[in-house]
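Novice: Curious how this folds, go ahead:
(4 chains)
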There are 2 protein chains.
Amino acid sequence: MARAGLTADRVTLAGAELADEAGLDQVTMSQVARRLGVKDASLYTHVRGLEDLRGRIALLAADEKTLRIAEATAGRSGKDALVAFADAWREYAHAHPGRYTATQLPIRIDPELAANAPGPRRAVELTYGMLRGYGLAEPDLTDAVRLLRSTFHGFVALEAAGGFGHERSPQDSWVRALDALHTLLEHWPPSREGDSA
Amino acid sequence: MARAGLTADRVTLAGAELADEAGLDQVTMSQVARRLGVKDASLYTHVRGLEDLRGRIALLAADEKTLRIAEATAGRSGKDALVAFADAWREYAHAHPGRYTATQLPIRIDPELAANAPGPRRAVELTYGMLRGYGLAEPDLTDAVRLLRSTFHGFVALEAAGGFGHERSPQDSWVRALDALHTLLEHWPPSREGDSA
DNA sequence: TTGCTGTTCCTAGGGGCTCTAGGTTAAACC
DNA sequence: GGTTTAACCTAGAGCCCCTAGGAACAGCAA
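Specialist: Numbers count the residues shown, from 1 in each chain, chains lettered A, B, ... in the order given. Down below sits the predicted model:
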């Protein structure tokens, strides 16, 4: 019987494709094995188990998303960069819903695996770089980064969960949200003393 | 053998408790049945299946969250209301992580069940009510609501997923984010023509 | 060509899960 | 007390994850 020529990466990719097509919860060892024309037990040579596979998909997605954002924001600054960043984020989530939901999993990723992934550090660099033009200093910079990531992720997540009614197109709200965030960054409120509610 | 006295609500509550203690993915028919001292097949009298149970947990969580927010914002306005609203949201997510993640599920809830739930409509009313003081008109109002919900949900979700490093406390970033959102609402940017990128 | 080695992929099987079908038995009403 | 209506049960099919151990292929050496 001919070998299937599997590797951890090929298994991960098959899982990622399945996640996008059928939803992350349909990503099972059996389904992935079936898609690869192989028995499920064979996957355990390449991947530690289901949890490990999901973690690898999450890592793959994070890397891909970061790459898209890097390409989109290259050479841009100010609001251009902000919009390019945000649109790339949202478009990745739309194009790869299963992969994207994998990134939402509580981090239970093999640390050794994560250490080799370029994604996280690169993502942080990109975000801080995008905000450079707004002239924020720490800790406002960190707070702004967190606010932006929260908004991008939250918007995409609510959109995917069907959280927006049909009255107004999400796209229009998205554009306005980016407008709003831009003006917010330009007029970031000064920190006041005694704030720790 | 004495009856256990189950109802759909009691089954849902047991599932919700289990979700908070062990994570939503540990909410299985078998586990919930075990917790109730009953065989798993017995649950199907009260609940259509696992998907239905998860939907019910999501609905319960939405109602509870809305109630907390209503209590927190009662009698407040302006930034007070905004902060109370947001804090109640985040505190609910912290207190009931399993229930909260259930609300993130793509809506696959029994429509008949959802129709009887007071949550969604009430939540919308509350949010619009909170924004009344800022003097926004449609469609800006809808856009602002969506932005706020996105940010609240996104922040909580990233926080739960371990998405924030350890450099700065999430609490501090949260307080500053609310400051920022408040000033943003006070200076909501006017809509410009030709915006539809 | 033959034999050796390491890895890939297999079969077999245990245990947990969801859900259905159909039987009992407890509670509720006449 | 008898009848009816449900709640709860046992039994079982089918799918899932994962482990243990066997078979077969690829590469290399002699």
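
Novice: after the helix or strand bottoming out on mean pLDDT in chain A comes which helix or strand?
Specialist: Among the helices and strands of chain A, helix A:111-115 carries the lowest confidence by mean pLDDT, DSSP states H and E, at a mean of 69. Moving toward the C-terminus from helix A:111-115, the next helix or strand (DSSP states H and E) is helix A:119-131.

Novice: pLDDT below threshold where in chain A?
Specialist: Along chain A, the model assigns pLDDT under 70 to residues A:1-2, A:107-108, A:110-115, A:119, A:193-197.

Novice: DNA strand D contacts on that one?
Specialist: A:1-3, A:28-31, A:40-41, A:44, A:49-51 (CB under 7 Å from any atom of the strand). (Each C-beta comes from the backbone N, C-alpha and C, glycine too.)

Novice: Drop anything exposed from the residues you listed.
Specialist: residue A:29 (16 or more other CB atoms under 10 Å in any protein chain shown).

Novice: and the lengthiest helix in chain A with helix A:119-131, angle?
Specialist: Across chain A, the longest stretch assigned as helix under DSSP state H is helix A:50-73. Here helix A:50-73 points in a direction 30 degrees away from that of helix A:119-131 (axes from the mean of the first three to the mean of the last three CA atoms, to 10 degrees).

Novice: Which secondary structure elements does helix A:50-73 sit against?
Specialist: Other helices and strands packing on helix A:50-73, by 3 or more CB pairs under 8 Å, 6 or more residues apart in numbering or on different chains; DSSP states H and E, are helix A:8-22, helix A:29-35, helix A:78-95, helix A:97-103, helix A:111-115, helix A:119-131.

Novice: right, so of these, which gets closest to residue B:177?
Specialist: Set against residue B:177 and scored by CB to CB, the helices and strands packed on helix A:50-73 come closest in helix A:119-131, at 14.5 Å.

Novice: can you list the residues of chain A near DNA strand C?
Specialist: Residues of chain A lying close to DNA strand C by CB under 7 Å from any atom of the strand are A:1, A:3, A:4, A:5, A:6, A:38, A:39, A:41, A:42, A:45, A:46.

Novice: OK, contacts around whatever residue of chain A ends up closest to chain B?
Specialist: Across chain A, no residue is closer to chain B than residue A:154, which sits at 2.6 Å (CB to the nearest CB). Contacts for residue A:154 (CB atoms under 8 Å, 6 or more residues apart in numbering or on different chains) come out as B:149, B:150, B:151, B:152, B:153, B:154, B:155, B:157.

Novice: for those residues, which one is nearest residue A:62?
Specialist: residue B:157 (15.1 Å).

Novice: what's the distance between that closest one and residue A:153?
Specialist: According to CB to CB, to the nearest Å, residue B:157 stands 6 Å off from residue A:153.

Novice: quick one: common contacting residues for the two?
Specialist: Common contact partners of residue B:157 and residue A:153 (CB under 8 Å, 6+ apart): residue A:104.

Novice: More neighbours: which of these two?
Specialist: Taking other CB atoms under 10 Å in any protein chain shown, residue B:157 and residue A:153 do not tie; residue A:153 has more neighbours (25 against 19).

Novice: In this structure that one contacts residue B:160, no?
Specialist: No. Contact criterion CB atoms under 8 Å: residue A:153 and residue B:160 do not qualify, at 11.5 Å.

Novice: Quick one: residues contacting the closest residue in space to residue A:183 that isn't next to it in sequence.
Specialist: Nearest residue to residue A:183, sequence neighbours excluded (CB to CB, 6 or more residues apart in numbering or on different chains): residue B:189, at 4.6 Å. With contacts defined as CB under 8 Å, 6+ apart, residue B:189 is in contact with A:179, A:180, A:182, A:183.

Novice: Which residue, other than its chain neighbours, is closest to the third one?
Specialist: So that's residue A:182. Residue A:182 sits nearest to residue A:79 (CB to CB, 6+ apart), 4.7 Å away.

Novice: Cool, thanks, signing off.
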